[in-house]
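S.K.: give the three-dimensional model of this entry:
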Amino acid sequence: MDAAHVSPLRKLLQQAGFPPRKGVSPKWRAPEEESLASIIHAEEAEDVEEAEWQPVIPVPGVEGLYVADHASIRRCELASDPVPERLLAADWASVPQMWSRQLRDYHLSTRKELLQKAITLETSVRIVTNQGMRTFVPERLEGRGGMEWSVAGSWGDNVSDQPVRLTPDMWGEMGIDLPDGIVT
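M.R.: Numbers count the residues shown, from 1 in each chain. Here you go, the predicted model:
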């Protein structure tokens, strides 16, 4: 950064509500003059301008990004992973609204289609069994096609971590679960 731009930038940051941190030297030195940052703790230094300089560490793989205050990294919340492509709204647009809005008793072919969509989108379904409403995480459809098929998966309500194989006659009403923030 050109030294002539430092003062105007500091003023803009101040106006935007970002005052200088306590313990940071107001002096700026061009990188070619000094490759050290002035990160100190105010309580440890009597005079900020006479404080020692600490090295700036380059961040591997990110050109031009440096970490000057190791402690600030521990104070920052880690960014969450970007939304996987499978959760993009465009993928969910093909899910009929009826499947997620209320539980219904579907025809066998629709049950199979709903489960296949849940497997593709890696989401759970809610099904009503003789034990009440439960969450089921389908993993794969099995069978010869037609009306003779089953679904393998696990219960999502932590009752058992054992694999489960269900046939369509083992539940009545069902619906697909949508992740938070997805509306079809």
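
S.K.: now do the buried residues in stretch 118-135.
M.R.: 118, 119, 121, 123, 124, 125, 126, 127, 128, 134 (16 or more other CB atoms under 10 Å). C-beta coordinates here come from the backbone N, C-alpha and C atoms, glycine included.

S.K.: the first one and residue 4: what is the separation?
M.R.: It refers to residue 118. As judged by CB to CB, to the nearest Å, residue 118 and residue 4 stand 60 Å apart.

S.K.: repeat for the fifth one
M.R.: Distance check for residue 124 against residue 4: by CB to CB, it reads 59 Å.

S.K.: and the last one, by the same measure?
M.R.: Per CB to CB, residue 134 is found 67 Å from residue 4.

S.K.: ramachandran coordinates for residue 130?
M.R.: With angles defined as degrees, to the nearest 10, residue 130 sits at phi -70, psi -10.

S.K.: how close does it get to residue 171?
M.R.: Per CB to CB, residue 130 is found 9 Å from residue 171.

S.K.: try residue 4
M.R.: Applying CB to CB, the value for residue 4 to residue 171 is 72 Å.

S.K.: okay, helices next: where are they in the chain?
M.R.: 3-15, 70-75, 89-92, 97-101, 108-121 (DSSP state H).

S.K.: quick check: buried residues in the fourth one?
M.R.: Neighbour counts over helix 97-101 (16+ other CB under 10 Å) mark 99, 100 as buried.

S.K.: same question for the last one.
M.R.: With burial defined by 16+ other CB under 10 Å, the residues of helix 108-121 counted as buried are 111, 112, 114, 115, 117, 118, 119, 121.
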